[in-house]
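Enquirer: Here is a sequence together with a model predicted from it:
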Amino acid sequence: MSASSLAEGAGCNTPCDMPVWFNPARELDALLRKVAPTVPGFDAEFNPELRPSDPRHADFQANGVLAVAKKAKGNPRALATALVDAVKATGELDQKLFQVEVAGPGFINFKLTPVALGAWLREYRDESKWRAGAARMMGGRKVVIDYPSPNTAKQMHVGHLRPIVIGEAVARLIEFCGAKLTRDNHIGDWGTNFGILILAIRRAGFKLDAQSPTALDDLERLYKEGSVLTKADPAAMDAARAELAKLQSGDAENLALWEEIVKVSNIACQRIYDQFGLKTDVILGESFYRDKVDQVYSELQKVGLAEESEGALVVWHDDEPRFSRHAEAKMPFIVRKKDGSSNYASTDLATLLYRAEYFKADEIVYVTDGRQQDHFHQLFRTGAKWFTATKRTLPRLRHVWFGTILGEDGKAIKTKSGDPVRLQSLIDEATERAFAAVTAKSPELSETERKAIAKAVGIAALRYVDLASNRTMDYSFSWDKLLAFEGNTAPYLMYAVVRVRSIFRKNGIEVGKGEEGATDPETPTEIALARKLLGFTAALDLALEDLRPHHLCTYLHELAAAYGAFYAADTVNVDDPAVRARRLMLCARTCAILETGLRLLAIEPVERM
RNA sequence: GAGGGGGUAGCUCAGUUGGAUUAGAGCAGCAGCCUUCUAAGCUGCGGGUCGCGGGUUCGAGUCCCGCCCUCCUCACCA
């Protein structure tokens, strides 16, 4: 809605020609920063420290005055009052929309009035509006995100769940907030795992045929054999490395074998990706950089970053004790192995350059597990020095890492036989259990519909469990947790959507219709829901800041809970048309924000369940 | 040894970078609510020396110092 219609609707005495703020916290912060230097005691460095408040006190609070008072040994309440007066004097803060007061030791509290809540709900009514509002956050920056980047040559197991799920959520979040995003699946297809596999195939005298229906199982078995062999016998490990070196130097036989292996595992990966709805923009695996690593070696040596050590080409970082050549436990960044072949570091450096030059990346986001932190520290350091020495601009580099999925025993999750749990069996079981739940709760639905719901809910539950806790935490996998449909879970959120949609369906209208004449929120549960709806912006801020999707999960759960309370307390279908219209509006916004939020997590909501 | 993660209610976890006499959710437990919009829901109750000991200040789960427990990583795996 336009500002002028707000003025009419709210009966403003003074002309209200201000736009409705998408993100009030950000705007209040800017306003305080602008006004503060005009107030005695404040300077241009003033940080208002604006943040969402405990709803019992206010919607937002500014804590920054306390720091100023402490430094200047002034009276915080007096300073805060002076600042508030100055802000009010500018006329830029409509007091029909915000109640402002100084509270406690010197906080400035901002409380949104029902008029403000109503105005926001009318203005920010659908995903396109939120997207536009959020677009400022990334401002069209070119971002390359590296995920899920599996090591091929083996079946996808439970360890591949997190990069798919977290990577997709982070990608969607960044994109939603206005980045120009390239999703790059940087598959591990040029490393020693292939040497191991080629060795095992050779020793078994096996004839690999990508067309064979058992090809994947064969690879799985052979890889396991090779893995056992090379772990037990250093000579076998050397043989595996030699096979890799042969492959990398262009040996025709190994190259042919490699192509067959890649074919088999790509087909298998794609089957999993399809079920997760994962589509990357490009697949530029390590092998893509096979002809680009020589430039890395030569440049690093030319600028004096890399040197020979024990036959390998390495980079030391003497400015970081752990990575220094003087460290007790030596941990150089090995960019070329002593047998001349490339490794993770070589291809990652080549990849960094390619992303900077070809994709013109302003920012690169790597989604991998936490055990690779040292690698990325070294990569980022090396990249910074290399780019500086060659007068290139280094993109912002971020490592979005995650913890391990543990079994019930607290160790990395395994099947009873000790093999890793296959991702496919996880999906299948989640779907089966979801089907049993739908059948028990909604037996009246057709089997086809129950199956479709089970598929959506099963995958959603699997994803959500992975996303709901802070990504840096390890978590224990349990079917009970996955099965749960209460609390902070995907089924709870999806069910909230179902209940909203049901109201519109029963009324025979589309979601978003029937809002004409809606008044501002009034009852306590309406107001609480409206305030929670506005909290979407803060949740986006928080999740984007450290690329932690669990903040979005927490928010969506709180929103669904606020809707639950509203739903129980305030009947939508009442006779009073104004009340009905505003409740339909609240329902529509809840529905849309829940659906948008779920889709940011790559969870597809359903109509019924 | 070095670096990183974690230690908050019986269990699983939040806690927006030092803020509000009362540290929050959800499970599980107990007690209620369906002839009215999907009960996969809602309402209420009980449950805590925030690992331990110091310190910094108006104010600490959060910052500093010292311990304890646990998980992960550390020369050619990715």
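Expert: Nice, thanks for sending it over.

Enquirer: Okay, buried residues for stretch A:285-294 please.
Expert: By neighbour count, with 16 or more other C-beta atoms under 10 Å as the criterion, the buried positions of stretch A:285-294 are A:285-290, A:292-293. Backbone N, C-alpha and C define where each C-beta goes, glycine included.

Enquirer: which of the residues you listed are close to RNA strand B?
Expert: A:Glu286 (C-beta under 7 Å from any atom of the strand).

Enquirer: In helices only, show me the buried residues of stretch A:285-294.
Expert: When the buried residues of stretch A:285-294 are checked against helices (DSSP state H), the matches are A:Val293.

Enquirer: which one of the buried residues of stretch A:285-294 sits closest to A:Thr368?
Expert: Top of the list for closeness to A:Thr368, among the buried residues of stretch A:285-294 and by C-beta to C-beta, is A:Glu286 at 13.6 Å.

Enquirer: Surely that closest one touches A:Asp184?
Expert: No. A:Glu286 sits out of contact with A:Asp184 when judged by C-beta atoms under 8 Å, with a separation of 11.9 Å.

Enquirer: And for A:Arg56, the neighbour number?
Expert: Close neighbours of A:Arg56, defined as other C-beta atoms under 10 Å, add up to 5.

Enquirer: Now do the strands in the stretch 401-550 of chain A.
Expert: Taking DSSP state E, counting those that start in this stretch as the criterion, the stretch 401-550 of chain A contains strands spanning A:405-406, A:475-476.

Enquirer: For chain A, which residue gets nearest to RNA strand B?
Expert: The nearest approach of chain A to RNA strand B comes at A:Gly487, 1.7 Å away (C-beta to the nearest atom of the strand).

Enquirer: Enumerate the residues of the stretch 101-250 of chain A near RNA strand B.
Expert: A:103-105, A:107, A:109, A:151, A:188, A:190-193, A:237, A:241.

Enquirer: quick one: which of those has the most company?
Expert: Among those, A:Trp190 has more neighbours than the rest - 26 neighbours, counting by other C-beta under 10 Å.

Enquirer: unless I'm mixing things up, that one is touching A:Lys292, no?
Expert: No. Taking contact to mean C-beta under 8 Å, the distance of 11.4 Å between A:Trp190 and A:Lys292 leaves them out of contact.

Enquirer: hmm, back to that, could you check how far the closest residue to the residue of chain A closest to RNA strand B other than its chain neighbours is from A:Glu486?
Expert: In space, not counting the residues next to it along the chain, A:Gly487 is nearest to A:His557; the distance is 7.7 Å by C-beta to C-beta, 6 or more residues apart in numbering. Using C-beta to C-beta, to the nearest Å, one obtains 11 Å as the distance from A:His557 to A:Glu486.

Enquirer: and for the two, which residues touch both?
Expert: A:Tyr492 (C-beta atoms under 8 Å, 6 or more residues apart in numbering).

Enquirer: neighbour count winner among the two?
Expert: Shown here are A:His557 and A:Glu486; by other C-beta under 10 Å, A:His557 has more neighbours (19 against 8).

Enquirer: what's the helix or strand hosting the more buried one packed up against?
Expert: For A:His557, the enclosing helix or strand under DSSP states H and E is helix A:550-569. Under the contact criterion of 3 or more C-beta pairs under 8 Å, 6 or more residues apart in numbering; DSSP states H and E, the helices and strands touching helix A:550-569 comprise helix A:447-468, helix A:490-507, helix A:524-534, helix A:536-545, helix A:577-600.

Enquirer: Tell me which residues touch A:Glu243, please.
Expert: Residues in contact with A:Glu243 (C-beta under 8 Å, 6+ apart) are A:194-196, A:198-199, A:202, A:254.

Enquirer: got the contact list for the closest residue to A:Gly41 other than its chain neighbours?
Expert: Spatial nearest neighbour of A:Gly41, excluding adjacent residues (C-beta to C-beta, 6+ apart): A:Leu79 at 5.1 Å. Each residue near A:Leu79 by C-beta under 8 Å, 6+ apart is listed here: A:39, A:41-42, A:65, A:68-69, A:106.

Enquirer: Only whichever of those are buried, select them in ChimeraX.
Expert: What follows is the ChimeraX syntax for the buried subset of the contacts of A:Leu79, where burial is set by 16+ other C-beta under 10 Å:
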select /A:39,41,42,65,68,69,106
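
Enquirer: Before we move on, what's the pLDDT of the nearest residue in space to A:Thr38 that is not next to it in sequence?
Expert: Closest residue to A:Thr38 in three dimensions, ignoring its sequence neighbours and counting by C-beta to C-beta, 6+ apart: A:Ala86, at 6.1 Å. We note a pLDDT of 95 for A:Ala86 in this prediction.

Enquirer: pretty sure A:Ala86 is touching A:Pro37, no?
Expert: No. No contact is recorded between A:Ala86 and A:Pro37 when judged using C-beta under 8 Å, the distance being 10.0 Å.

Enquirer: Comparing these two, which residue is more hemmed in?
Expert: A direct count of neighbours by other C-beta under 10 Å for A:Ala86 and A:Pro37 places A:Ala86 higher, at 17 against 12.

Enquirer: Does A:Gly191 touch A:Leu244 like I think?
Expert: Yes. A:Gly191 is in contact with A:Leu244 according to C-beta under 8 Å; the separation is 7.2 Å.

Enquirer: tell me the centre residue of chain A?
Expert: In chain A, the residue lying closest to the centroid (C-alpha atoms, centre = their mean) is A:Val170, at 2.2 Å.

Enquirer: is it true that it lies in a helix?
Expert: Yes. With the criterion set as DSSP: H, G, I helix; E, B strand; the rest coil, the secondary structure at A:Val170 is a helix.

Enquirer: who's in contact with it?
Expert: Shown here is A:Val170, whose contacts under the criterion C-beta under 8 Å, 6+ apart are A:145, A:147, A:365, A:367, A:400, A:547, A:549.

Enquirer: Count residues in the vicinity of the third one, would you?
Expert: Here the number of neighbours of A:Val365 (other C-beta under 10 Å) works out to 24.

Enquirer: how much space is there between it and A:Leu483?
Expert: 32 Å.

Enquirer: now A:Lys506
Expert: If you go by C-beta to C-beta, the gap between A:Lys506 and A:Leu483 works out to 30 Å.

Enquirer: out of these two, which sits in the more crowded spot?
Expert: In terms of neighbours (other C-beta under 10 Å), A:Leu483 is the more surrounded of A:Lys506 and A:Leu483; the figures are 18 against 10.

Enquirer: Neighbouring strands - and their directions - for the helix or strand containing A:Val143?
Expert: When elements are assigned from DSSP H and E, A:Val143 belongs to strand A:142-146. Here strand A:142-146 has these sheet partners by DSSP bridges: strand A:180-184 (parallel), strand A:363-369 (parallel).

Enquirer: who in the stretch 251-400 of chain A is up against RNA strand B?
Expert: Counting by C-beta under 7 Å from any atom of the strand, the residues of the stretch 251-400 of chain A lying close to RNA strand B are A:286, A:309-312, A:314, A:321-322, A:328-332, A:334, A:337-338, A:343-344, A:370-375.
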